[in-house]
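*Asks:* okay, sequence plus prediction incoming.
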Amino acid sequence: MVVDRRSLMAGGVALAATAAMGPAVRAATPAFASKRPPVGERHFVSKAVEAEIKRVAAKIADPELAWLFTNCYPNTLDTTVKMGTVDGKPDAFVITGDIPCLWLRDSAAQVKPYLHLVREDPKLGELFRGLIGRQARSILIDPYANAFMEDPTARTNLRWSQTDQTEMKPGVAERKWEIDSLCYAIRLAYGYWQETGDKTPFDATWAESARAIVRTFREQQRKDGPGPYSFQRPSQQPSETLLAGIGLPTRKVGLIHSAFRPSDDACLYPLFIPANLFAVTTLRELAQVANGARGDAALANDATALADEVEKALAQYGTMNLPDGRKVWAYEVDGFGNAVFMDDANVPSLSGLAWLGCVKADDPLWRRTADAAWSPANPWFFQGKAAEGIGGPHIGEGQVWPMSLIVRALSSSDDAVIAQCLATLKATHAGTGFMHEAFDKDNPAKFTRDWFAWANGLFGELILQVAKTKPHLLG
């Protein structure tokens, strides 16, 4: 029997729940003892990050919230970074946590909370330049892959990928085509460029990878056929494979097709709206980097033209009406008039569009969409004895993802909303001191993934934002 990532995560619930059990177990541990590795065992140490931890923690009057922050914020650096060199330049391999491979999306998101400190610490600069370079080289191996091996000559070591019916090249860990994977690579590069103005990582290899991104997006508009990508997986879960290797039929309207969502679940309809909105935003960011860092007008113009085309298609095909008549962004469409409304905790999501900078936070269409996503109008919104929040098909019904609570708080300016999200996050970590992938809406001791660096980093990012804008909520 093929063991896929979903089964592996589900199998970890019992172990995680045992580790998180009750007061008797936790009583033996000093209250709020640090869960960080000893200094000598940390993978990457930044003086600027350590100073930031102390600065922000001093603003948090709630001791448990401060403890969660000091555990979660440095988790990526403490546990997931491996530095090296390639051709005399920094190389950074950043794993997701309990899966020892680099996801383009996760790794870019994991380091984002440290971006504002990059000018204060040369070592952090090396980390960002190393990851930009690693992602560029990975994209050139295969722009359709979502996850990569540390050794670019190695075959995948992920059990669930080894029987996939797709073109698995050396260096690829998993080959699920997700628009957002390439968007996150752009966002990483753009963030570094905006923060530093440093042209160093934007070399010929980076430019070649950027052109590969634009080319792949154009291929997946599928105007001239389905393109070179297909994927099927032997699995009992339909969300792990694609009909005929490419998904359900679509009308080719200018939107980019995505085989999978940022949850790594297969799209129902291949025209995945949150990722198309993210692509419009990041293509324009790519144009800024191409112009500013390289003076490459051709690349910039190509990226901008594609962004304009996708934006026009989104305006025509990306919305739908709910049964009560409200006009909202759709989650997925097929271009024939069929659409699905739902939201998934993984970002890009409908709920996360304003936080990602794809829409304005006061945009009425997005506000209606976000409100509907955080309600029973979304089949993946759950309310239980312990929490309410958004989950998704990846773990299943009744499972709330902390990520959904974090993104809701990051996207809000309402004190009551932010305070409620913080209170729920504090009450549902099951005594572990870290964020998880998902937890049972009625019993947070039942959770998946006790080492999930993306969620930990997002929580740290939330606390940074609240400390800067609404410090009174940290008491």
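*Replies:* Okay, I see it. Residues are numbered from 1 along each chain as shown.
*Asks:* use CA for all of it now, contacts and neighbours both
*Replies:* Will do.
*Asks:* neighbours around Glu41, how many?
*Replies:* Glu41 has 11 neighbouring residues, counting by other Cα atoms under 10 Å.
*Asks:* who's in contact with it?
*Replies:* Asp78 (Cα atoms under 8 Å, 6 or more residues apart in numbering).
*Asks:* try it again with 6 Å
*Replies:* Neighbour list for Glu41: empty [criterion: Cα atoms under 6 Å, 6 or more residues apart in numbering].
*Asks:* same thing with the one 3 residues further on?
*Replies:* When contacts are counted by Cα under 6 Å, 6+ apart, Phe44 is found next to 77-78.
*Asks:* now do 7 Å
*Replies:* 77-78, 81 (Cα atoms under 7 Å, 6 or more residues apart in numbering).
*Asks:* pLDDT value on it, please?
*Replies:* The per-residue pLDDT reported for Phe44 equals 98.
*Asks:* then Ala19?
*Replies:* Looking at Ala19, the pLDDT reads 35.
*Asks:* equivalent analysis for the one 4 residues further on, please.
*Replies:* At Pro23 the predicted local distance difference test score is 33.
*Asks:* got JSON lines for the contacts of Phe44, with pLDDT, neighbour count and secondary structure too?
*Replies:* Below are the contacts of Phe44 laid out as JSON lines (pLDDT from 0 to 100; neighbours: other Cα atoms under 10 Å; DSSP: H, G, I helix; E, B strand; the rest coil):
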{"residue": "Leu77", "pLDDT": "98", "neighbour count": "23", "secondary structure": "helix"}
{"residue": "Asp78", "pLDDT": "98", "neighbour count": "21", "secondary structure": "helix"}
{"residue": "Val81", "pLDDT": "98", "neighbour count": "23", "secondary structure": "strand"}
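*Asks:* tell me how far the closest residue to Phe278 other than its chain neighbours lies from Cys183.
*Replies:* Distance criterion Cα to Cα, 6 or more residues apart in numbering; nearest residue to Phe278, sequence neighbours excluded, is Cys358 at 6.0 Å. From Cys358 across to Cys183, the span is 12 Å (Cα to Cα, to the nearest Å).
*Asks:* if we can go back for a sec, the residue nearest to Phe278: neighbour count?
*Replies:* Counted with other Cα under 10 Å, residues neighbouring Cys358 total 20.
*Asks:* got the contact list for it?
*Replies:* Residues near Cys358 by Cα under 7 Å, 6+ apart: 277-278, 281.
*Asks:* swap in Gly335?
*Replies:* 250-253, 317.
*Asks:* can you select the buried ones among the residues you listed for me in ChimeraX?
*Replies:* For the buried members of the contacts of Gly335, the matching ChimeraX selection, counting by 16 or more other Cα atoms under 10 Å, is:
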select :250,252,253,317
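*Asks:* let me have the contacts of Gly335 in a markdown table, extended by secondary structure and pLDDT.
*Replies:* Shown next, in a markdown table, are these (DSSP: H, G, I helix; E, B strand; the rest coil; pLDDT from 0 to 100):
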| residue | secondary structure | pLDDT |
| --- | --- | --- |
| Thr250 | coil | 98 |
| Arg251 | coil | 98 |
| Lys252 | coil | 98 |
| Val253 | coil | 98 |
| Tyr317 | helix | 98 |
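*Asks:* ok, the contacts of Phe44 vs Leu365, which is closest?
*Replies:* For these, the closest approach to Leu365 (Cα to Cα) belongs to Leu77, at 37.8 Å.
*Asks:* which parts of the stretch 1-150 of the chain are strands?
*Replies:* 81-86, 89-94, 102-103, 147-148 (DSSP state E, counting those that start in this stretch).
*Asks:* return the most buried member of those.
*Replies:* Among these, strand 147-148 has the highest mean neighbour count (mean count of other Cα atoms under 10 Å), at a mean of 28.
*Asks:* how far off centre is the helix or strand that it is followed by?
*Replies:* For strand 147-148, the following helix or strand on the C-terminal side (DSSP states H and E) is strand 172-174. Its chain's average C-alpha position is 17 Å from that of strand 172-174, according to Cα atoms, centre = their mean, to the nearest Å.
*Asks:* same question, stretch 424-435
*Replies:* Its chain's C-alpha centre and that of stretch 424-435 lie 20 Å apart, by Cα atoms, centre = their mean.
*Asks:* what does it contact?
*Replies:* With contacts defined as Cα under 7 Å, 6+ apart, stretch 424-435 is touched by 20, 65, 68, 71-72, 387, 402, 444-445, 455-456.
*Asks:* okay, how far is it across it, tip to tip?
*Replies:* Across stretch 424-435, first to last residue, Cα to Cα, it's 11 Å.
*Asks:* so which bits of it are buried?
*Replies:* Those would be 424-426, 428-435, for stretch 424-435 by 16+ other Cα under 10 Å.
*Asks:* tell me the SS of Leu422?
*Replies:* helix (DSSP: H, G, I helix; E, B strand; the rest coil).
*Asks:* could the contacts of Cys358 be laid out in CSV, adding secondary structure, distance to Arg449 and pLDDT?
*Replies:* Listed next are the contacts of Cys358 as CSV, based on DSSP: H, G, I helix; E, B strand; the rest coil; distance: Cα to Cα, whole Å; pLDDT from 0 to 100:
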residue, secondary structure, distance to Arg449, pLDDT
Leu277, helix, 29, 99
Phe278, helix, 27, 99
Thr281, helix, 31, 99
